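>>> Below is the structure, and that's it, no one-letter string:
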């Protein structure tokens, strides 16, 4: 079983910063390929925010580019999302996602965190 534990959400004023963390806990993970963040605002579909490959390549949605930074510590199976210059439209539940394998070159699996609320409001 794979468990993703997220932390770091909360209430912040516009222009403020937050740092989200996501730790993958499991004895059956051999390797993690892409790690990513998604978010879902009330009444809207879940949208992709950022991703980081095992090689360290990062990509971002246009709406967060230049403000958010994704990073990972592969030794700890942990990833982070540093969010700066937050705007009210960043308010959402943020979910982490990993693509992982049980064996070298084996089937790729997909797991999600439980979500953490980020609220940007004055």
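Received it, and whenever you're ready, just let me know what you need. It should be emphasised that the depicted structure is a prediction, and the values quoted were computed from it without experimental measurement. Numbers count the residues shown, from 1 in each chain.

>>> in this structure, which spans are strands?
Applying DSSP state E to the chain gives strands spanning 3-7, 10-12, 18-25, 31-40, 47-52, 58-60, 68-73, 78-83, 92-101, 108-112, 116-120.

>>> can you redo the ones you listed as JSON lines with mean neighbour count?
No exception for glycine: its C-beta is placed from N, CA and C like everyone else's. Below are the strands of the chain laid out as JSON lines (neighbours: other Cβ atoms under 10 Å):
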{"stretch": "strand 3-7", "mean neighbour count": "16"}
{"stretch": "strand 10-12", "mean neighbour count": "14"}
{"stretch": "strand 18-25", "mean neighbour count": "19"}
{"stretch": "strand 31-40", "mean neighbour count": "20"}
{"stretch": "strand 47-52", "mean neighbour count": "19"}
{"stretch": "strand 58-60", "mean neighbour count": "15"}
{"stretch": "strand 68-73", "mean neighbour count": "18"}
{"stretch": "strand 78-83", "mean neighbour count": "22"}
{"stretch": "strand 92-101", "mean neighbour count": "21"}
{"stretch": "strand 108-112", "mean neighbour count": "14"}
{"stretch": "strand 116-120", "mean neighbour count": "18"}
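
>>> could you dump those to TSV with mean pLDDT?
Below are those laid out as TSV (pLDDT from 0 to 100):
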stretch	mean pLDDT
strand 3-7	93
strand 10-12	98
strand 18-25	95
strand 31-40	95
strand 47-52	98
strand 58-60	98
strand 68-73	96
strand 78-83	97
strand 92-101	96
strand 108-112	95
strand 116-120	98
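
>>> Contact partners for the nearest residue to residue 94 once chain neighbours are set aside?
Taking Cβ to Cβ, 6 or more residues apart in numbering, and ignoring the residues beside it in sequence, residue 94 has residue 39 as its nearest neighbour in space, at 4.8 Å. Taking Cβ atoms under 8 Å, 6 or more residues apart in numbering, we find residue 39 in contact with 46-47, 49, 90, 92-95, 118.

>>> ok, residue 39 to residue 58 distance?
From residue 39 across to residue 58, the span is 17 Å (Cβ to Cβ, to the nearest Å).
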